[in-house]
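1. From the sequence below, what's the structure:
(one chain, ligands or ions: 1)
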Amino acid sequence: MNDAQQTKLREHVISALDVATMDEALELVDALDGKLSLFKVGSRMFTRYGPALLDVLAQRDVDVFLDLKFHDIPNTVAGAVESALSFESVFMMTVHASGGADMIARAVEAAAQRTDNPPKIVAVTALTSLSPDDMSQIGVELALDEWAYSLGELALDAGADGLVCSAHEAAQMRDRFGDDPLLVTPGIRPEKKMAKDDDQSRVMTPKDALDTGSDYLVIGRPIYQADDPAGAVEEIGSSL
Ligand SMILES: O=c1ccn([C@@H]2O[C@H](COP(=O)(O)O)[C@@H](O)[C@H]2O)c(=O)[nH]1
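-> Here you go, the predicted model:
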């Protein structure tokens, strides 16, 4: 891996800490020390360990993407975002775009209460696990990509700093909404793991996802389920 690839890894790849225990999470963070500096805490770990995990990660000097996908009435979401403000290592948080404009605006307003480096609020559009066949089941008449673009427009108009979307929608999101919004793309699979064998439906390789305009690639199982997570990250870096 050359220097440019190393920089891309550190700046654009977020490793999801979707493991079972705090020990496993810290083992992973330590194994990736020097390679990655961005980690995602989601509902699995946060439900079990809560803020204690964020405190321990802060001591490791890594930045945290808190992916709790808030989706509730505006007052409750604003309160949840406010509660996270004391964790200075949290640089980005998620809400669901389908919570509506007022909910998103209140989340953004709450985040802005931290005047020094407020956490970015990014809105989840269409989950990467959904496929076009799921649309009618969840009562959506639009095509999946059109639904994602319309949720993206709603969220950005409400003040969100960015969007969570599949890398397949990233290029269109850029065309429609410009360079400013952060685009966070999960559903990333290294070339050799592109065959669909899990719950993700809309997947893309790390290199293609970056080329298509993603700012952050969220990668979970291809790293934490690897026999050698540091080696897996090296391989991802070399592919960029
Ligand atoms: O649309 C979304 C939104 C969030 N995620 C999260 O990203 C990671 C992906 O993990 P993999 O193991 O690489 O599939 C996971 O934490 C999800 O909760 C997403 O996949 N899709």
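
2. Show me the beta-bridge partners of the nearest residue to residue 186 once chain neighbours are set aside.
-> In this structure, residue 186 finds its nearest non-sequential neighbour in residue 218, 4.0 Å apart by C-beta to C-beta, 6 or more residues apart in numbering. Quick note: C-beta positions are derived from backbone N, CA and C, even for glycine. Per DSSP bridges, the residues bridged to residue 218 are residue 14.

3. hang on, residue 218 packs against residue 184?
-> Yes - using C-beta atoms under 8 Å, residue 218 is in contact with residue 184, at 6.3 Å.

4. was I right about residue 111 contacting residue 122?
-> No - using C-beta under 8 Å, residue 111 makes no contact with residue 122, being 10.6 Å away.

5. Name the residues contacting each of these two.
-> Counting by C-beta atoms under 8 Å, 6 or more residues apart in numbering, the common neighbours of residue 111 and residue 122 are residue 93.

6. mind listing what the residue lying closest to residue 38 once chain neighbours are set aside touches?
-> Leaving aside its sequence neighbours, residue 38 sits nearest to residue 14 (C-beta to C-beta, 6+ apart; 4.3 Å). Going by C-beta under 8 Å, 6+ apart, residue 14 touches 36, 38, 39, 40, 65, 184, 216, 217, 218, 219.

7. Would you format these as JSON lines with neighbour count, distance to the ligand and pLDDT included?
-> Below are the contacts of residue 14 laid out as JSON lines (neighbours: other C-beta atoms under 10 Å; distance: C-beta to the nearest ligand atom, whole Å; pLDDT from 0 to 100):
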{"residue": "36", "neighbour count": "26", "distance to the ligand": "14", "pLDDT": "97"}
{"residue": "38", "neighbour count": "20", "distance to the ligand": "13", "pLDDT": "98"}
{"residue": "39", "neighbour count": "21", "distance to the ligand": "11", "pLDDT": "98"}
{"residue": "40", "neighbour count": "22", "distance to the ligand": "6", "pLDDT": "98"}
{"residue": "65", "neighbour count": "25", "distance to the ligand": "9", "pLDDT": "98"}
{"residue": "184", "neighbour count": "25", "distance to the ligand": "8", "pLDDT": "98"}
{"residue": "216", "neighbour count": "25", "distance to the ligand": "11", "pLDDT": "98"}
{"residue": "217", "neighbour count": "27", "distance to the ligand": "9", "pLDDT": "98"}
{"residue": "218", "neighbour count": "22", "distance to the ligand": "4", "pLDDT": "98"}
{"residue": "219", "neighbour count": "25", "distance to the ligand": "5", "pLDDT": "98"}
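
8. Redo those residues as JSON lines? Include distance to residue 6.
-> Converted to JSON lines, the contacts of residue 14 look like this (distance: C-beta to C-beta, whole Å):
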{"residue": "36", "distance to residue 6": "10"}
{"residue": "38", "distance to residue 6": "14"}
{"residue": "39", "distance to residue 6": "17"}
{"residue": "40", "distance to residue 6": "20"}
{"residue": "65", "distance to residue 6": "20"}
{"residue": "184", "distance to residue 6": "21"}
{"residue": "216", "distance to residue 6": "17"}
{"residue": "217", "distance to residue 6": "15"}
{"residue": "218", "distance to residue 6": "19"}
{"residue": "219", "distance to residue 6": "16"}
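
9. Quick one: the strands in the protein, in order.
-> Here the chain has its strands, by DSSP state E, at 13-16, 38-42, 63-70, 90-96, 120-124, 162-164, 182-185, 216-219.
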